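A.B. asks: the following comprises the amino acid sequence and a computationally predicted model.
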Amino acid sequence: MASTFSFSIIPSEVAQFGPRLGSISLCRRDGSSIPEIKTPSFMAGCSRGVVPHLSRDHVKSTAAIRWANIPFESFLERLPPVPTLQPGPVPLHTFLGFQPDRHLLSLCAREPSDEREIPVNGKGFISTLCVRGVRKLTPSAWKSYALSCQPDIVVALSDNPLSQSNQSQKRVTKSLERSTAWLANLLGPVSSADHGYSDTSHPFNVLVNMVGGVEERARKAFAEALVETLYAKDQQQVHPLQRLDEGITGYVFEFIPLLRSIRARTVNNDRTNNTPPKIPPKSADGVSLDNEENQQLAALLKASLSPFPPTKVRVVYSCTSPHQILRLIRDIGIDVFDAPFVHRAADLGIALDFRFPVPSTFSPSSPRTREDGSRDLGHNLFNYAYATDSSRLASSFNAAAEPEKGENPICPCLACSPISPSSHLELSSAEDQEFVKSPPVIQPPYRRAYIHHLLHTHEMSSHSLLAMHNLSVIDAFFDGIRQVLGGPDGDGQFIKEVERFCATYDEQLEVFREAEVDWSRVELERGKGRLAREKEKQTQNDTTSTVPS
């Protein structure tokens with residue numbers, strides 16, 4: 001049988017929509033399990049099965065990583081995909097270096113935050129992108145790969161058009177039909193002779209992508225198709241299930257294709273009404289939302305979830321900011337987010353520095369305050385203002401080696417609370433004799449000036465330190481959410497704190513845009529091709545210079 005995935009809501013009876021507390025537990029076929037994951041929470045995104053910038057030792061040392069999401073398309077450059085060749089009871093964990101007793105792994109076909117244009121999906125396949133170009137992935141191949149990799153959770157294939165144009169009714173209908181058929185294929189039983197399974201039940205914990213575009217009726221129709229009773233051949237395909245929803249663990253919402261469809265419809269309506277098109281606000285990821293778009297998203301999510309009881313986990317891919325996360329928890333009751341802006345911040349040299357609830361006071365080393373009074377979500381350490389800044393990465397947190405009085409919690413990341421190792425790699429017998437074994441000791445935190453120096457010298461450890469720090473900050477953010485919701489006046493206090501957070505921190509992510517500019521400049525000065533660019537510039541200077549007579 002499949003591993004046992006359990007999601008429980010606290011308390012057990014809650015409203016269909018609204019903030020909620022929950023917990024996730026998992027017990028696998030081999031008897032291994034993971035510690036309970038409390039929700040609301042987040043999953044760490046991966047690239048080629050690796051958390052960006054982090055080695056296996058980094059992942060083991062980062063307590064914030066409990067759930068990792070693995071896009072499979074990057075492995076389709078070779079057939080059969082390399083992860084499917086790994087033997088053992090937990091092959092995906094073994095191949096990628098995750099710990100079965102600590103990490104829950106979910107497997108999806110495509111990278112959820114990838115905005116690149118891609119060929120349209122077909123009747124019997126979806127289009128994916130790998131380093132060798134576009135690959136077609138069929139439902140049968142996807143099921144075979146999932147059986148071989150044995151992830152804890154599988155995201156069913158869906159026909160979710162990733163297009164800038166508005167979708168016709170015929171295209172939306174095709175999307176619903178294909179997604180339903182592909183889900184039924186994944187939920188179908190597996191013979192006992194295949195992949196060592198001892199029964200004929202379906203062996204997966206399945207998340208289904210809720211499709212339907214920007215039409216509330218279409219989204220509700222897809223959801224209702226999952227809860228209606230099946231008969232004849234349809235029921236035989238997924239036997240012993242009576243309804244598709246019985247085999248579903250939870251529901252997924254991909255925001256990038258959904259937001260593109262919303263904006264395409266807005267542009268089309270503007271053209272029809274001969275009104276100037278509205279220019280959406282920009283952010284570092286290009287998908288920042290305004291109030292109207294947030295309201296449309298909430299309405300579409302409610303249309304998809306209304307036919308279901310509120311007892312299964314709800315997941316959102318590609319949230320743009322912590323502000324949006326808070327609104328989705330408040331208005332919808334989303335449980336898990338992938339938060340790609342956390343990894344993007346590490347890419348751009350940003351040390352996140354925010355908390356929920358908002359601190360009562362801010363120190364002089366807090367993030368910059370904008371003209372409108374809002375504070376940045378972090379520090380752009382590429383900026384030369386940090387060249388001599390000896391502060392720790394986040395003013396909202398204390399370092400373990402520098403305990404201070406006040407309300408600030410300790411940041412446990414290896415950038416703020418590094419720990420000296422108690423062992424070392426023995427490269428020679430002489431080194432073993434010289435090394436004095438001692439218990440691990442907490443060291444002083446790394447400073448902003450040091451990370452600034454590493455960024456400007458293209459030192460890879462800068463992004464590793466920032467990635468570990470940012471993951472710890474977002475983990476503390478969700479911990480703060482759970483603490484507020486678990487208080488005496490949980491929901492009421494949470495709504496107030498959400499308003500405070502949105503009024504305090506900059507939602508337009510200006511610091512991300514500034515960091516992109518600084519990163520590009522340093523990339524030109526220090527990155528690949530630097531010597532050739534300098535030589536060309538020197539040649540131009542020599543040509544234009546004049547020698548005095």
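C.D. replies: Noted; the coordinates are in hand.
A.B. asks: what's the local residue count around G212?
C.D. replies: Residues within reach of G212, counting by other Cβ atoms under 10 Å, total 24. Every residue, glycine included, has its C-beta placed from N, CA and C.
A.B. asks: was I right about it contacting E224?
C.D. replies: No. In this structure, G212 is not within contact of E224 by Cβ atoms under 8 Å, at 10.8 Å.
A.B. asks: OK, contacts around R448?
C.D. replies: R448 makes contact with 351, 379, 381, 386, 389-393, according to Cβ atoms under 8 Å, 6 or more residues apart in numbering.
A.B. asks: export those residues to TSV and append columns for distance to H458, secondary structure and neighbour count.
C.D. replies: Output for these, formatted as TSV (distance: Cβ to Cβ, whole Å; DSSP: H, G, I helix; E, B strand; the rest coil; neighbours: other Cβ atoms under 10 Å):
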residue	distance to H458	secondary structure	neighbour count
A351	18	strand	26
H379	19	strand	30
L381	14	coil	27
Y386	17	helix	22
D389	20	coil	17
S390	22	coil	10
S391	23	coil	17
R392	23	strand	24
L393	19	coil	29
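A.B. asks: possible to save these as TSV with distance to C502 and pLDDT?
C.D. replies: Putting the contacts of R448 into TSV (distance: Cβ to Cβ, whole Å; pLDDT from 0 to 100) gives the following:
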residue	distance to C502	pLDDT
A351	22	98
H379	20	97
L381	25	97
Y386	27	96
D389	28	95
S390	32	94
S391	26	93
R392	26	93
L393	24	95
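A.B. asks: what's the single longest helix in the chain?
C.D. replies: When the chain is parsed with DSSP state H, its longest helix is helix 460-485.
A.B. asks: mind listing what's buried in that one?
C.D. replies: Within helix 460-485, the residues that count as buried by 16 or more other Cβ atoms under 10 Å are 462-482, 484-485.
A.B. asks: also stretch 203-218?
C.D. replies: Using 16+ other Cβ under 10 Å as the test for burial, stretch 203-218 gives 203-216, 218.
A.B. asks: kindly report the same for stretch 371-383.
C.D. replies: 374-383.
A.B. asks: what's in contact with that stretch?
C.D. replies: 321-322, 345, 348-354, 362, 366-370, 386, 393-394, 448, 451-452, 455-456, 462, 466, 470, 503-507, 509-511, 514-515, 518-519, 522.
A.B. asks: do you know how far P112 is from V214?
C.D. replies: Distance of P112 to V214, computed by Cβ to Cβ, to the nearest Å: 18 Å.
A.B. asks: just to revisit the earlier point, helices or strands up against the longest helix of the chain?
C.D. replies: When contacts are defined as 3 or more Cβ pairs under 8 Å, 6 or more residues apart in numbering; DSSP states H and E, helix 460-485 packs onto strand 41-42, helix 56-61, helix 322-331, helix 340-347, strand 350-352, helix 448-456, helix 490-504.
A.B. asks: try 6 Å
C.D. replies: strand 41-42, helix 340-347, strand 350-352, helix 448-456, helix 490-504 (3 or more Cβ pairs under 6 Å, 6 or more residues apart in numbering; DSSP states H and E).
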